[in-house]
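Colleague: Got a predicted structure here, sequence first:
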Amino acid sequence: MSSSTNNTPVPSTSSKKSLKVFSDDIWKNKTAKINAELFTLTYGSIVSQLCTDYERDFAKVNNQLYSMGYNIGVRLIEDFLARTALPRCDSLARTSEVITICAFKVFLNVTPQVGNWSSNKDSFSLFLEENPLSEFVELPMDAAKELWYSNILCGVLKGALEMVQMDCDVWFVNDVLKGDQTTELRIKLNRVLKDEIPAGED
Amino acid sequence: MSQKIINPSTSVAPAKHSDSTGYDYTIGPQQTLPNAPSLSKATTSLPSVYNESLHASARNPQVSLAAYAFLFQELVTQARNASKSVSEIELRLHRNGYHLGIRLLELLNFRSSVSPGSKNFFKPGNSSQGVNVASSAFQEDSLAQGIANMKRRDLRMVEILQFIHGTVWSYLFGRVGDDLVKSSERENEFMIIDNSPLLTRFISSTNVQCDFFVCGIIEGILDSASFPCNVTAHSVPEQNFDQKVVFVVRFEPQVLEREALRS
Amino acid sequence: MAIYSFWVFDRHCNCIFDREWTLKSNQSSGTTNSKLNEDTAKLLYGMVYSLRSISQKLAGNEAHNEIRTIATGKYRAHILCTASGLWFILLSDLKQEDLSHVLRYLYGEIYVKTVAHNWLSPIDFAESEAEKRGQGFRKIRNRNFLLRVEQFLGPMVN
């Protein structure tokens, strides 16, 4: 029987810098890419189709975007883990780094900033200076109040985190599309889920 | 039928009307650049959206194909959940693509007209150009000045199809289409061939033609260029290309009539 | 090079794929659902589960002490456990010291591309609570997955 503490080509320390080098390399050398505008336009056509389908009931559109994101998240996590071979995170601070420096980088080629940690360190915000989902988007007047245009992201994060046993709430706080100064997304860790064990083993 | 004919220009008066803007049916599409005072005034409130989006080489943003594949599959699922039949799913995907297509014609034509030397005008905060970029209105002017010669819109079937097969395909998928073929049986029928379609690479199902999304893009472009047509996708697996797809473009009869008048 | 069998377990402790090449009668079929394989799967799961908890306990405060191979007198088990709770296990002869690259390929190039990226394939193989905690029975049936596993591992069997 052999085992090792660092079994993967992952940065050996938990330093932010090595995570960045590691992630940049994956994006640069190991990632098939596609025109971001095609991505933006395709997402735009999804949102506008939903607005039509739900007769501009934007609360319903938000929910639908979230659930689409969840379906993506539970699958995307496997792609992410296969690409990065990262182990589970030791702390929520580490999670925030892996999400921003690594996950956002290798999938969307942007790196949000982390901030607004709660005093008990169970929640934080992501500030998206660039957002490939909403590039060149202007919300129509009736949508500006209620629609969280990029709500699919919350669902993706929710689904992906749940698959690594982190039960979180994820929601948008601000969006520049609504006239806010920043685009801010909040992640709150409710609890760490236990791995299942076979029936009769407990 | 005859009422539907789109008249070609009968008198050719090239470039004499350089002062006028807008569409003149006797000339056809002509150079219209967003440097008219009224326009720049309207755009000053949101300069970045317009300036940046129009200029191709100022930024070359990319995302991972995986992210796109996930999004695209949700698009297909959404269409599937909202539809009762396979043809309805295809229709919805087609409509999604059409929305993209009608935006691409002007955008790509405009971008390919911008001369490469002008690209630095659009880097925000860049004032080392000899031109003092004081306001966004100035930038808007600069964009127009960067275009020495606005590319003319394609007026013939083969030209517009080459635009799709070349420019559009490169923009969307990073490479030109694999072939462009004219049908030997029908005058109005052309085929754009893609041996390994990028968008549906991850989709193993054959009961729904996800390529109808791309059909929608093609039809959107052709429609807005006044080439009314119908586009369908047919999967033609081959030994080396098991996902090979043929996009069949069937132009409406009036397009042929117009083409005959022009020649 | 000799690989004897390939197994995948999901986050619900269920065996969602098994392919045994050493049994003569199964050589042509992609999967087997024989009672024998079911029992073997349970034993294999139990062995890895136990050794995995021991190795993690031995590591003390240092986390991520994942088990990678287990050798017995007759064979070697190569194990890849993902952060999402999937286990990929290959059984080989003793000469194969490290098949981690093969496991990574099976995960990243085959499982991710044909299962995770394929909306028509389920990603969760337990459809109800009763099918969780090792009591499930569903398998990966996706044609492309079966085909590609066979194409990739087939040449390594002997």
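Modeller: Good, I have the coordinates.
Colleague: Which phi and psi values does residue C:12 adopt?
Modeller: phi -100, psi 20 (degrees, to the nearest 10).
Colleague: typed the wrong thing, it's residue A:186
Modeller: Dihedral angles (degrees, to the nearest 10) for residue A:186: phi -110, psi 140.
Colleague: Then residue C:142?
Modeller: The phi/psi pair for residue C:142 (degrees, to the nearest 10) is phi -50, psi 120.
Colleague: number of nearby residues for the residue nearest to it when sequence neighbours are not counted?
Modeller: Spatially, and ignoring its direct neighbours in sequence, residue C:142 is nearest to residue C:121 (4.5 Å; C-beta to C-beta, 6 or more residues apart in numbering or on different chains). Quick note: C-beta positions are derived from backbone N, CA and C, even for glycine. For residue C:121, the tally of surrounding residues (other C-beta atoms under 10 Å in any protein chain shown) stands at 18.
Colleague: need the strands for chain B, in chain order.
Modeller: B:62-64, B:179-182, B:189-194, B:229-235, B:245-251 (DSSP state E).
Colleague: ignore the last one, chain C
Modeller: C:3-9, C:15-20, C:67-71, C:76-81, C:87-92.
Colleague: Poorly predicted segments of chain C, please.
Modeller: For chain C, applying pLDDT under 70 flags the ranges C:1, C:23-35, C:61-63.
Colleague: where does it come near chain B, residue by residue?
Modeller: C:113, C:114, C:117, C:118, C:119, C:120, C:142, C:143, C:144 (C-beta under 8 Å from any C-beta of the partner chain).
Colleague: Closest to residue A:77 out of those residues?
Modeller: Nearest to residue A:77, judged by C-beta to C-beta, of these is residue C:117 at 12.2 Å.
Colleague: That closest one reaches residue A:82, doesn't it?
Modeller: No: with contact defined as C-beta atoms under 8 Å, residue C:117 does not reach residue A:82; the gap is 10.6 Å.
Colleague: Can you tell me which residue of the stretch 151-263 of chain B sits closest to chain A?
Modeller: For the stretch 151-263 of chain B, the residue closest to chain A is residue B:172, as judged by C-beta to the nearest C-beta, at 5.5 Å.
Colleague: Give me the neighbour count for that residue.
Modeller: Counted with other C-beta under 10 Å, residue B:172 comes out at 21.
Colleague: Would you agree it is in contact with residue A:36?
Modeller: No: Residue B:172 lies out of contact with residue A:36 (C-beta under 8 Å); the separation is 11.8 Å.
Colleague: about what we covered before: can I get the strands of chain C in JSON lines including distance to residue B:85?
Modeller: What follows is the strands of chain C, written out as JSON lines (distance: least, C-beta to C-beta, whole Å):
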{"stretch": "strand C:3-9", "distance to residue B:85": "36"}
{"stretch": "strand C:15-20", "distance to residue B:85": "32"}
{"stretch": "strand C:67-71", "distance to residue B:85": "50"}
{"stretch": "strand C:76-81", "distance to residue B:85": "42"}
{"stretch": "strand C:87-92", "distance to residue B:85": "39"}
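Colleague: The ones you listed: which one's closest to residue A:167?
Modeller: Using C-beta to C-beta, the nearest of these to residue A:167 is strand C:76-81, at 20.8 Å.
Colleague: Excluding residues flanking it in the chain, which one is nearest the residue of the stretch 151-263 of chain B closest to chain A?
Modeller: Spatially, and ignoring its direct neighbours in sequence, residue B:172 is nearest to residue A:38 (5.5 Å; C-beta to C-beta, 6+ apart).
Colleague: List the contacts of that neighbour.
Modeller: B:68, B:100, B:171, B:172 (C-beta atoms under 8 Å, 6 or more residues apart in numbering or on different chains).
Colleague: Taking those, tell me the two that lie furthest apart.
Modeller: B:68 and B:171 (14.1 Å).
Colleague: Who are the packing partners of the top helix by length along chain C?
Modeller: If you go by DSSP state H, chain C has its longest helix at helix C:35-58. Helices and strands touching helix C:35-58, as assessed by 3 or more C-beta pairs under 8 Å, 6 or more residues apart in numbering or on different chains; DSSP states H and E, comprise strand C:3-9, strand C:15-20, strand C:67-71, strand C:76-81, strand C:87-92.
Colleague: change it to 6 Å
Modeller: strand C:15-20, strand C:67-71 (3 or more C-beta pairs under 6 Å, 6 or more residues apart in numbering or on different chains; DSSP states H and E).
Colleague: leaving aside the residues next to it on the chain, what's closest to residue B:181?
Modeller: residue B:191 (4.5 Å).
Colleague: can I assume the one you found is in contact with residue B:180?
Modeller: No: at 7.3 Å, residue B:191 does not count as touching residue B:180 under the criterion of C-beta atoms under 6 Å.
Colleague: show me where pLDDT drops low in chain A?
Modeller: A:1-14, A:202.
Colleague: And the strands in it?
Modeller: Under DSSP E, chain A gives strands at A:2-3, A:33-35, A:113-115, A:123-127, A:166-174, A:184-192.
Colleague: Looking at these, which is nearest to residue C:37?
Modeller: Of all the strands of chain A, strand A:2-3 comes closest under C-beta to C-beta, at 26.7 Å.
Colleague: Is there a neighbour count for the nearest residue to residue A:169 once chain neighbours are set aside? I'd like the number.
Modeller: Sequence neighbours aside, residue A:188 is the residue nearest to residue A:169 in space, at 4.6 Å (criterion: C-beta to C-beta, 6+ apart). Per other C-beta under 10 Å, the neighbour tally for residue A:188 reads 14.
Colleague: beta partners for residue A:188?
Modeller: residue A:123, residue A:169 (DSSP bridges).
Colleague: Please pull out the lowest mean pLDDT helix or strand from chain B.
Modeller: Within chain B, no helix or strand scores below helix B:37-43, which has a mean of 38 by mean pLDDT, DSSP states H and E.
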